[in-house]
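A.B. asks: Dropping the sequence and predicted coords here.
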Amino acid sequence: MGIKDLFRKTEKAVTETKVFQDVVSTLKDDPFYKDKCEILKKIEEYETIIIHRHRRPDGDALGASLGLRSLLRTNYPEKKIYSVGGDIPPYLEFLGKEDEIDDDKYQNALVIVVDTANKDRIADDRYALGKEIIKIDHHIPLEDFGNINYVQEEMGAACLILIDFYKTFSNKLHLSKECALCFYLGTVTDTGRFKWADANSLRLASLMLDKGIDTENMFTNLQVKRKEAFKITGYLYTHFKLTPSGVAYIYISKRTRLKYKATLEEAANLVNLLDSIKGSLIWILFLEYDTEIRVRLRSRYITIDDIGNHYHGGGHAKAAGATVYNKKEMKQLLEEADQKLQTFKLDHKELF
Ligand SMILES: [Mn+2]
């Protein structure tokens, strides 16, 4: 054996040992390694994979769905991979289009549902036609509707769970720039522009920036509003109210919304503007639809998803949704929130 051959052989052995060590250390450090392997095995097993997400998608739901589609299409070009759901808000259209598929595609398909806690919230009921279902989510678990339920509540976005998944298998998976944009956008939007991001989120998100995505263009798309949506913010600032304990809230009737020519989506987003009133640790938006009033609850320090649960909703500890059907129920919900804030303030005088 020549010296060159010997060198090559040694190098190969060193590399193999390294790969082996990587796997061992991953197994030791990552309690989810086995779950991730199980998901990857399912992905490799199926010819057709259809990705669903929740109704009325936000950045995380759509980013997770289109990003995962991109990741799988890049790495498994021979498979048929689809994203479905429809009803994409205009501000997210730049991320890409979903697929329109026939029912027969679901035969022998693997369905992956991202960013959705319960069946009722899944967009496109045909998810049930798939042969097997994998749920990948970060909401408080309401329902184990999957054959595999991969839920990581501590993750700030479904997209972060998917970045972490990619990271685990990055020795064999390639992640495109297009995919990176989707996952990064979902992370940015679900963590309140990184306001609620922990160190791990930032580490994972940085892997997406390494792909060279155009963040200026992304933020422009997220931030720019139609002038009608901008004008209705004036209505919010002059018409919001406070309960005795300081819960800030606004009721936007259909009439008001139409007067300002704002869409439902645009009006719903106003809730975030109520987040900075001193002493208001809970803030709520009530938005009138044809037959119901949709509620968006937000808070700091205090968990409010229980209030959501009491009124046909749920979600995260500090960002939840609900539905009420008349002003009386709206008043009840407000009283519950007010009570909660009052109790909290009595117990935490140091925060004021
Ligand atoms: Mn999410």
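C.D. replies: Noted; the coordinates are in hand. Residues are numbered from 1 along each chain as shown.
A.B. asks: For the residue in the stretch 51-200 of the chain that the ion sits nearest to, pull up the helix or strand it's in.
C.D. replies: Proximity of the stretch 51-200 of the chain to the ion (C-beta to the ion) peaks at residue 60, 3.4 Å away. Bear in mind the C-beta positions are built from the backbone N, C-alpha and C, glycine included. Taking DSSP states H and E as the definition, residue 60 sits inside helix 59-75.
A.B. asks: show me the residues around the spatially most central residue of the chain that make contact.
C.D. replies: By C-alpha atoms, centre = their mean, the mean C-alpha position of the chain lies nearest to residue 60, the distance being 3.3 Å. Contact analysis of residue 60 by C-beta atoms under 8 Å, 6 or more residues apart in numbering lists 115, 157, 158, 159, 186, 187, 189, 190.
A.B. asks: near the ion too, which of those residues?
C.D. replies: Applying C-beta under 5 Å from the ion to these, one finds that 115, 158, 190 fall near the ion.
A.B. asks: Just the ones in strands from the residues you listed, please.
C.D. replies: Among the ones next to the ion among the contacts of residue 60, no residue falls in strands (DSSP state E).
A.B. asks: Can you list the low-confidence ranges for the chain?
C.D. replies: 1, 14-28, 352 (pLDDT under 70).
A.B. asks: just how off-centre is stretch 99-111 within its chain?
C.D. replies: Mean C-alpha position of stretch 99-111 versus that of the full chain (C-alpha atoms, centre = their mean, to the nearest Å) differs by 23 Å.
A.B. asks: Show me which parts of that stretch are buried, residue by residue.
C.D. replies: For stretch 99-111, a neighbour-count test (16 or more other C-beta atoms under 10 Å) marks 101, 105, 106, 109, 110, 111 as buried.
A.B. asks: ditto for stretch 114-134
C.D. replies: 114-118, 121-124, 126-127, 130, 133-134.
A.B. asks: Redo the residues you listed as CSV? Include secondary structure.
C.D. replies: Below are the buried residues of stretch 114-134 laid out as CSV (DSSP: H, G, I helix; E, B strand; the rest coil):
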residue, secondary structure
114, strand
115, coil
116, coil
117, coil
118, coil
121, helix
122, strand
123, coil
124, coil
126, helix
127, helix
130, coil
133, strand
134, strand
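A.B. asks: wait, doesn't residue 178 sit right on residue 70?
C.D. replies: Yes: applying C-beta atoms under 8 Å, one finds residue 178 in contact with residue 70, separated by 5.1 Å.
A.B. asks: neighbour count winner among these two?
C.D. replies: Each of residue 178 and residue 70 has its neighbours counted (other C-beta atoms under 10 Å); residue 70 has more, 22 against 18.
A.B. asks: Relative to the ion, how far out is residue 206?
C.D. replies: Residue 206 sits 20 Å away from the ion, going by C-beta to the ion, to the nearest Å.
A.B. asks: What is the neighbour count of that residue?
C.D. replies: Neighbours around residue 206, by other C-beta under 10 Å: 11.
A.B. asks: Mind jotting down where the helices sit in this protein?
C.D. replies: Secondary structure of the chain (DSSP state H): helices at 3-29, 33-45, 59-75, 158-168, 177-190, 199-209, 215-223, 227-239, 254-259, 264-268, 305-310, 327-347.
A.B. asks: and of these, who's closest to residue 320?
C.D. replies: Comparing the helices of the chain by their distance to residue 320 (C-beta to C-beta), the top pick is helix 305-310, with 3.3 Å.
A.B. asks: buried residues in the closest one?
C.D. replies: Applying 16+ other C-beta under 10 Å to helix 305-310 flags 305, 307, 308 as buried.
A.B. asks: and the ion, which of those reach it?
C.D. replies: Within the buried residues of helix 305-310, nothing lies near the ion by C-beta under 5 Å from the ion.
A.B. asks: Closest one of those residues to residue 343?
C.D. replies: residue 307 (12.9 Å).
A.B. asks: Might one say that the closest one is in contact with residue 297?
C.D. replies: Yes: at 6.0 Å, residue 307 and residue 297 qualify as touching, with contact defined as C-beta under 8 Å.
A.B. asks: overlap in contacts of those two?
C.D. replies: 320, 322, 337.
A.B. asks: re the thing from before, now the buried residues of stretch 99-111 in CSV, with distance to the ion?
C.D. replies: Below are the buried residues of stretch 99-111 laid out as CSV (distance: C-beta to the ion, whole Å):
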residue, distance to the ion
101, 24
105, 26
106, 24
109, 24
110, 21
111, 18
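A.B. asks: Before I go, just wanted to say thanks for your time.
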